[in-house]
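> When you get a sec, could you give me coordinates for this:
(chains A and B)
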Amino acid sequence: MKKITDERLIFKNLQNIKVTYIVQTIGILSILGYEFVQGGLEGMRQNPLWLVFILTSVVYSYLSMSVSIDHEEKIKNPKKSLIISVGILFLIVLVIGFLTAITPNFGWLDGLFFGAIIFICGFIPCYYIFRIRLKQEEDIE
Amino acid sequence: MKNNVKVARIKADLTQQQLADSVGITRQTVSLIEKGKYNPSLKLCLQICYAVGATLDEIFWLEKEEHE
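Residues are numbered from 1 along each chain as shown, chains lettered A, B, ... in the order given. This is a model prediction of the structure:
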């Protein structure tokens, strides 16, 4: 098959992929919705499509971050915004960790463990945004 | 965006297919550009200009109301 070099057709192809993605997502949501009605939240989460849906949502969210940052009206200082984000994340982690630790049947170790997971999961997007902002700053200069 | 692609192409003695082949696009795209139904990228605009031996401002321009 010959490689498509026509920019109009490449763009059209991308639009087709967009439509396909929309149809696919509607299909996945319909199946998950059916599973939810049939077997509740647990039944829905047992379906491998749930993993596919979550994975694509995470990938889409990460890809959207670069768009959101370029769309920001005011250019923010990367270091300052990273410190603020990590500070807020740390507060959230402290609260959740503390609440987990004081919950019956859970100990301080569980609180620490749960807090660490949330901190890692929250720190990765904060650092990713920091990297994009740094790159944006370099591009502007 | 307005353009003079058709006139320049005929002046350069090229068919739509020949122009399309020289810049790596399809004949349909050349046709749509000539009709003003598709706005090519700057890179493609320049490739077309080089293919027909003209400058960018001779081939492509914006009407006054379009850039206001």
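> that's a strand at residue A:3, yeah?
No - counting by DSSP: H, G, I helix; E, B strand; the rest coil, residue A:3 is not part of a strand but coil.
> Report all helices and strands that the helix or strand harbouring residue A:96 contacts.
Using DSSP states H and E, residue A:96 sits in helix A:78-102. Counting contacts by 3 or more Cβ pairs under 8 Å, 6 or more residues apart in numbering or on different chains; DSSP states H and E, helix A:78-102 packs against helix A:108-140. The way it works is simple: take the backbone N, C-alpha and C, and place the C-beta from them, glycine included.
> circling back: where's the helix holding residue A:96 relative to the chain centroid, distance-wise?
Once both centres are worked out by Cα atoms, centre = their mean, to the nearest Å, helix A:78-102 turns out to sit 18 Å from its chain's centre.
> Next to chain A in this structure, residues from chain B, please.
B:24, B:25, B:26, B:29, B:32, B:38, B:40, B:41, B:43, B:44 (Cβ under 8 Å from any Cβ of the partner chain).
> JSON lines for those, including pLDDT?
Formatted as JSON lines, the residues of chain B next to chain A follow (pLDDT from 0 to 100):
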{"residue": "B:24", "pLDDT": "94"}
{"residue": "B:25", "pLDDT": "95"}
{"residue": "B:26", "pLDDT": "95"}
{"residue": "B:29", "pLDDT": "96"}
{"residue": "B:32", "pLDDT": "96"}
{"residue": "B:38", "pLDDT": "95"}
{"residue": "B:40", "pLDDT": "96"}
{"residue": "B:41", "pLDDT": "96"}
{"residue": "B:43", "pLDDT": "96"}
{"residue": "B:44", "pLDDT": "96"}
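> quick one on the thing from earlier: average pLDDT for the helix holding residue A:96, rounded please.
Average pLDDT, helix A:78-102: 94.
> List of residues touching it?
The contact list for helix A:78-102, computed with Cβ atoms under 8 Å, 6 or more residues apart in numbering or on different chains, reads A:106-108, A:110-112, A:114-115, A:118-119, A:122-123, A:126-127, A:129-130, A:133-134, A:137.
> residues from chain A in reach of chain B?
So far as Cβ under 8 Å from any Cβ goes, chain A lies against chain B at A:5, A:6, A:7, A:8, A:9.
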